[in-house]
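Asks: Let's see this in three dimensions:
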Amino acid sequence: NSPHVTPSIASYEPNRNMSYAHQLSKTSLVALLAAACPIVAQQPSDTDVVEYTRQVATAHRAERLRLADELESTLDRSSTDDQRATIEQRISDLRFEPTQQAPLPVDWPPTSPVGEIVLKRYPKYRMATTSMSEGRETMPFWRLFGHIKSNDIAMTAPVQMDRASQPGDGERMAFLYREESLGPVGKQGDVEVIDVMPTLAISIGVRGYRSEKRVDELAAELRAWLDAHRDEFEGSGAVRVMGYNGPSVRGSRRFYEVEIPVRRVVHEERAAPASAVPTDSK
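Replies: Down below sits the predicted model:
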């Protein structure tokens, strides 16, 4: 069995006094594998959000590589094959870099780390979307490919696949435009071009081939995180998959993300103190 990684929150969204902690195993190795890397920064202005996000992701990446080196030094002290396999798999995940086969949309956030839940801020983006029949991907893919080819739109990554948000709704596939200014919005046959407003999402990175069972498992982990943080966040959309690789990338080199769009919970203002409540004049 592959090692289970306890999800932790690593924020890619600007946040004062930001920090995250790696919780790397539920086994007896947890004390050996656990580590933390605080990142503290001042809240950036809106114009600095993109660069700030990249800096946080870079720091996160550097910490993951440091952890991989640290774990590699424990291999000689591993007493069982299971422990060695656990550590080697975690080292591989920490060092993993997705294969980028196409450009990302402008100002797109970095990909999510493998096995960790992160909070991501997405910019406004434009996408061409179409329905998927019973989850089948071949027909909608080529429908979208024909759309971008006929409109002279370059292929980008990721390909977005949205699950049904409620009974009766169908699943949808979308190709993302490199820039939101490309082409007009509106329907073109079975394809609709829409603008997606800036949003937050909780996301987890995954290696390997996608399966419905695995997506279900990861969606359950995301919902569990949301439940644990229900005072701060609530779901605002359907589970979606962001796929980054075509058929030429195989096996454990493949990468995708499972996500749930979220929004911050707005708490009602506390009742005004008695001294502030107006009284009837006499």
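
Asks: all helices of the stretch 1-150 of the chain, in order?
Replies: When secondary structure is read from DSSP state H, counting those that start in this stretch, the stretch 1-150 of the chain shows helices at 30-33, 49-72, 81-95, 138-150.

Asks: between the ones you listed, which one is nearest to Arg121?
Replies: Each of the helices of the stretch 1-150 of the chain was scored for nearness to Arg121 using C-beta to C-beta, and the closest is helix 49-72 (6.8 Å). Glycine gets a C-beta too; all of them are placed from N, C-alpha and C.

Asks: of the helices of the stretch 1-150 of the chain, which approaches Tyr177 most closely?
Replies: Evaluated over the helices of the stretch 1-150 of the chain, closeness to Tyr177 peaks at helix 138-150, with 8.3 Å, by C-beta to C-beta.

Asks: related to what we said a few turns ago, just put the helices of the stretch 1-150 of the chain in CSV and tack on distance to Met127 and mean neighbour count.
Replies: Listed next are these as CSV, based on distance: least, C-beta to C-beta, whole Å; neighbours: other C-beta atoms under 10 Å:
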stretch, distance to Met127, mean neighbour count
helix 30-33, 39, 14
helix 49-72, 19, 16
helix 81-95, 29, 17
helix 138-150, 9, 15
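
Asks: In CSV, list those along with mean pLDDT.
Replies: What follows is the helices of the stretch 1-150 of the chain, written out as CSV (pLDDT from 0 to 100):
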stretch, mean pLDDT
helix 30-33, 33
helix 49-72, 75
helix 81-95, 84
helix 138-150, 93
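
Asks: closest to Val106 out of these?
Replies: helix 49-72 (9.0 Å).

Asks: okay but Tyr177 is in contact with Val185, surely?
Replies: No - under the criterion of C-beta atoms under 8 Å, Tyr177 is not in contact with Val185, lying 10.3 Å apart.

Asks: where do the contact lists of the two overlap?
Replies: Arg126 (C-beta atoms under 8 Å, 6 or more residues apart in numbering).

Asks: Can you report how many residues lie near Glu179?
Replies: The number of residues packed near Glu179 is 14, by other C-beta atoms under 10 Å.

Asks: Excluding sequence neighbours, find me the nearest residue to it.
Replies: Distance criterion C-beta to C-beta, 6 or more residues apart in numbering; nearest residue to Glu179, sequence neighbours excluded, is Val106 at 5.4 Å.

Asks: Okay, and the beta partners of the spatially most central residue of the chain?
Replies: With the centre of the chain defined as its mean C-alpha position, the nearest residue by C-alpha atoms, centre = their mean is Ser203, 2.6 Å away. The residues listed as beta-bridge partners of Ser203 by DSSP bridges are Val118, Glu259.

Asks: so what's it up against?
Replies: Ser112, Ile117, Val118, Leu119, Lys120, Met242, Glu257, Val258, Glu259.

Asks: try 6 Å this time
Replies: The neighbourhood of Ser203, defined by C-beta atoms under 6 Å, 6 or more residues apart in numbering, consists of Ser112, Val118, Lys120, Glu257, Glu259.

Asks: What is the nearest of those residues to Asp227?
Replies: For the contacts of Ser203, the residue nearest Asp227 by C-beta to C-beta is Glu259; the value is 16.5 Å.

Asks: Selection in ChimeraX covering whichever of the contacts of Ser203 are buried, please.
Replies: Applying 16 or more other C-beta atoms under 10 Å to the contacts of Ser203 leaves a buried subset, and the ChimeraX line that selects it is:
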select :112,118,120,257,259
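
Asks: Using TSV, please lay out the contacts of Ser203 together with pLDDT.
Replies: Formatted as TSV, these follow (pLDDT from 0 to 100):
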residue	pLDDT
Ser112	91
Val118	86
Lys120	89
Glu257	97
Glu259	97
